[in-house]
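Asks: Give the three-dimensional model of this entry:
(chains A and B)
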Amino acid sequence: MPQDSRTDIPPRAGVGLKAEHYREIVETRPDIGFFEVHAENYMGAGGPPHRYLTAIREHYPLSLHGVGLSIGADRPLDREHLERLKALIARYQPGLFSEHLAWSSHDTGFLNDLLPLPYTHETLNRVCEHIDQIQETLGRQMLLENPSTYLAFAESTWSEIDFIAETARRTGCGMLLDVNNVHVASTNQQWDATAYIDAYPLRSVQEIHLAGYTREADETGRPLLIDTHNRPVDEIVWGLFAHTIGKIGKIGPTPTLIEWDADVPTWPELKSEAERAEAIMVAVQSRELRHVSAR
Amino acid sequence: MFRLAERQGEFAAALLDPERPMPFGLIGPDGLPSERRFAVYRNNVVAGLIETLRAAFPAVSRIVGEDFFGAIARIYVMHEPPVSPIMLGYGTSFPDFIGHFEPAATLPYLADVARIERAWSEAYHAAEAEPLNPAALAAVAPEDLPKLRLLLHPSVRVTRSHFPALSIWQMNVGNGVPTPVDLDTGGENAILVRPDAEVEVRSLPDGGAAFIAALLDGSSVLEASKAALTADSRFDLSANLTGLLQAGAIVGFETQPLGRRP
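Replies: Coordinates of the predicted model:
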């Protein structure tokens, strides 16, 4: 695949590519900024997933999102998996590659969930060592995504934001800011979500994620939000997104992705979420421009 | 001082074993341990893997019902969690697990239906290859035919059953309508192949499974025919070759003996 302008992710809204929508996208070629896929879903040797992704990649920029590297695990990275990622990147030339601040593998096996980390010096060293190895092996910068968490570790000595900022500083990785995760984690941990955004290393942010969550409660009746990706983006998260774009607008426009992975909606419903995100981006951006020209 | 490795070891063990207590020091915003919060991770891991299996084994789930499937899958997930981050491959040993699962013993064909579904997933994600044009084989001189080694499509999978597992699978996927099946009507073997975009599933003629198994092992047409005839004296070479060609299961051939492939 030739390197061209389609490789770069434009500062528009995109959506997570779902098998349910393959055909409609190929046949109708909708106007959308970019698509993102989970790398592990395209690690089969061949078949329809690769056929569709190849066809779609010919017309759209692509972002690659890993869910299996287990960056926070206190064990060596899976070299074979890293090589598979490298091959996938060479094949599809994604504009961005991102992974999570989480762990998922252990001697017992691969746990297939994004598990939380204690924010300690030991964890920081391990995470940074792994990100260095990933960026070196892949020969490119990766983006690190802030987690949605349901509990905290008593031994943590760093705040999440300081931990993330220090990781970015040491490794030179970029950030993927998941605004829904900010709302979920902030509610669950009783942090101030707006203060979280304001303190975040926004200059490193190269992509934003938005998604829906499910509301539950813990045994004391405190709200417990679950990052389910199975419904529209919540109004509170839209508000937080507008706030984020307002802050980031001074730095530069940022590609924004709608993630909807379970109870997948029809294509028009998913696309309308992306359109709403893009409308907010455009509105905030033009407001910023007016501010600039008024000065 | 907690060590990260120990922390993750405890965490992982407790995720997969509901009998184990939650690890120490996992707290809510009040600083107190919260079982409910840890349970979110337990549920995400186990329920997520059960859904992965359900998506890969839809006919098995339809046959036994959602609750029973959830129960089998839950035990399997706890005993055999994935070893790879690629979920496309999870459940390879699930058919054997079903075969040994005592509460499912009244459905002796269930493991074979699961084998068809597993083979289907493998065929779906297998490497691409162009099926051989039947005319190419027709051009081979008849006397050379027995020496031929056929290269089969990478997606080719064979399933065998002492039960009508293929019929049972077909009536439990897509728009299939389950109807009573006489389990004594005999076994059904099947070939699965994805010559283009779609996985095709066909019933195999007598001796066909042994023939394909020998071909996959690198045997020549002659050697594979002998193996097939040993397995089933009704084996018909011509019908089997035609079937394989029509299914798009042959991608090439070699006329020179090359020895067994590893």
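
Asks: Now the longest helix along chain A: buried residues?
Replies: If you go by DSSP state H, chain A has its longest helix at helix A:267-294. By 16 or more other CB atoms under 10 Å in any protein chain shown, the buried positions in helix A:267-294 come out as A:267, A:270-271, A:273-274, A:276-278, A:280-281, A:284-285, A:288. Every C-beta, even on glycine, is put in place using the N, C-alpha and C of the backbone.

Asks: backbone phi and psi for the residue nearest to residue B:53 when sequence neighbours are not counted, please?
Replies: Spatial nearest neighbour of residue B:53, excluding adjacent residues (CB to CB, 6 or more residues apart in numbering or on different chains): residue B:73 at 4.6 Å. For residue B:73, the backbone dihedrals (degrees, to the nearest 10) come out as phi -60, psi -40.

Asks: so where is chain A shaky, pLDDT-wise?
Replies: Counting by pLDDT under 70, chain A contains low-confidence ranges at A:1-6, A:250-251, A:289, A:291-295.

Asks: can we see that at 50?
Replies: Scanning chain A for pLDDT under 50 picks out the ranges A:1-5.

Asks: Strands of that one, residue ranges please.
Replies: Under the criterion DSSP state E, strands of chain A are mapped to A:13-16, A:35-38, A:62-65, A:96-100, A:103-106, A:109-115, A:143-145, A:152-153, A:174-178, A:205-211, A:214-217, A:223-226, A:256-259.

Asks: I'd like to know which of those strands lies nearest to residue B:101.
Replies: With CB to CB, the closest approach to residue B:101 among these belongs to strand A:109-115: 20.0 Å.

Asks: Neighbouring strands of the closest one in the sheet, and parallel or not?
Replies: Its sheet considered, strand A:109-115 pairs with strand A:103-106 (antiparallel) by DSSP bridges.

Asks: residues contacting the closest residue to residue A:82 other than its chain neighbours?
Replies: Using CB to CB, 6+ apart and skipping residues adjacent in sequence, the residue nearest residue A:82 is residue A:137, 5.1 Å away. Contact partners of residue A:137, counting by CB atoms under 8 Å, 6 or more residues apart in numbering or on different chains, are A:82, A:83, A:86.

Asks: mind running it again at 10 Å?
Replies: Contacts for residue A:137 (CB atoms under 10 Å, 6 or more residues apart in numbering or on different chains) come out as A:77, A:79, A:82, A:83, A:85, A:86.

Asks: For the closest residue to residue B:131 other than its chain neighbours, grab phi and psi.
Replies: Excluding its sequence neighbours, the residue lying closest to residue B:131 (CB to CB, 6+ apart) is residue B:248, at 3.5 Å. Torsion angles at residue B:248 (phi, psi; degrees, to the nearest 10) stand at phi 80, psi 20.

Asks: neighbours around residue B:248, how many?
Replies: 20 (other CB atoms under 10 Å in any protein chain shown).

Asks: all helices in the stretch 151-262 of chain B, in order from the N-terminus.
Replies: Using DSSP state H, counting those that start in this stretch, the helices of the stretch 151-262 of chain B run over B:165-170, B:208-216, B:221-231, B:237-247.

Asks: Does anything pack onto the first one? Which helices or strands?
Replies: Based on contacts counted as 3 or more CB pairs under 10 Å, 6 or more residues apart in numbering or on different chains; DSSP states H and E, the elements that helix B:165-170 packs against are helix B:58-64, helix B:110-125, strand B:157-159, strand B:190-193, strand B:200-203.

Asks: can you put those in TSV and add mean neighbour count and distance to residue B:35?
Replies: Output for the helices and strands packed on helix B:165-170, formatted as TSV (neighbours: other CB atoms under 10 Å in any protein chain shown; distance: least, CB to CB, whole Å):
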stretch	mean neighbour count	distance to residue B:35
helix B:58-64	21	30
helix B:110-125	24	35
strand B:157-159	23	44
strand B:190-193	25	45
strand B:200-203	17	46
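
Asks: how about these in CSV, adding distance to chain A and mean pLDDT?
Replies: Output for the helices and strands packed on helix B:165-170, formatted as CSV (distance: least, CB to the nearest CB, whole Å; pLDDT from 0 to 100):
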stretch, distance to chain A, mean pLDDT
helix B:58-64, 14, 98
helix B:110-125, 3, 98
strand B:157-159, 13, 98
strand B:190-193, 12, 98
strand B:200-203, 13, 97
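
Asks: The closest residue to residue A:53 other than its chain neighbours and residue B:78, how far apart?
Replies: Spatial nearest neighbour of residue A:53, excluding adjacent residues (CB to CB, 6+ apart): residue A:42 at 6.0 Å. Distance of residue A:42 to residue B:78, given as CB to CB, to the nearest Å: 28 Å.

Asks: Over to residue A:272?
Replies: Counting by CB to CB, the gap from residue A:272 to residue B:78 is 41 Å.

Asks: Okay, buried residues for the helix or strand of chain B with the lowest mean pLDDT please.
Replies: One helix or strand of chain B scores below all others by mean pLDDT, DSSP states H and E: helix B:134-138, with a mean of 88. With burial defined by 16+ other CB under 10 Å, the residues of helix B:134-138 counted as buried are residue B:137.

Asks: What of stretch A:150-165?
Replies: Residues of stretch A:150-165 classed as buried: A:150, A:151, A:152, A:153, A:155, A:156, A:158, A:160, A:161, A:163, A:164, A:165 (neighbour count, 16+ other CB under 10 Å).

Asks: where in the stretch 51-200 of chain B is pLDDT low?
Replies: In the stretch 51-200 of chain B (pLDDT under 50), no residue qualifies.

Asks: count of neighbours near the residue of the stretch 151-262 of chain B found nearest chain A?
Replies: Closest residue of the stretch 151-262 of chain B to chain A, CB to the nearest CB: residue B:197 (5.5 Å). Residues near residue B:197, counting by other CB under 10 Å, number 11.

Asks: Then residue B:231?
Replies: Neighbourhood size, residue B:231 [other CB under 10 Å]: 17.

Asks: what residues are up against it?
Replies: Listed by CB under 10 Å, 6+ apart, the contact set of residue B:231 reads B:206, B:207, B:208, B:209, B:210, B:211, B:213, B:214.

Asks: And residue B:118, by the same measure?
Replies: Counting by CB under 10 Å, 6+ apart, residue B:118 touches B:56-57, B:60, B:89, B:91-96, B:157, B:159, B:192.

Asks: now, among those, which is nearest to residue B:49?
Replies: Residue B:49 has its nearest neighbour among the contacts of residue B:118 in residue B:91, at 9.2 Å by CB to CB.

Asks: So that closest one sits against residue B:115, correct?
Replies: No - between residue B:91 and residue B:115 there is no contact under CB atoms under 10 Å: 11.0 Å.

Asks: just to revisit the earlier point, the buried residues of stretch A:150-165 also near chain B: which ones?
Replies: Among these, the ones lying near chain B by CB under 10 Å from any CB of the partner chain are A:150, A:151, A:152, A:153, A:155, A:156.
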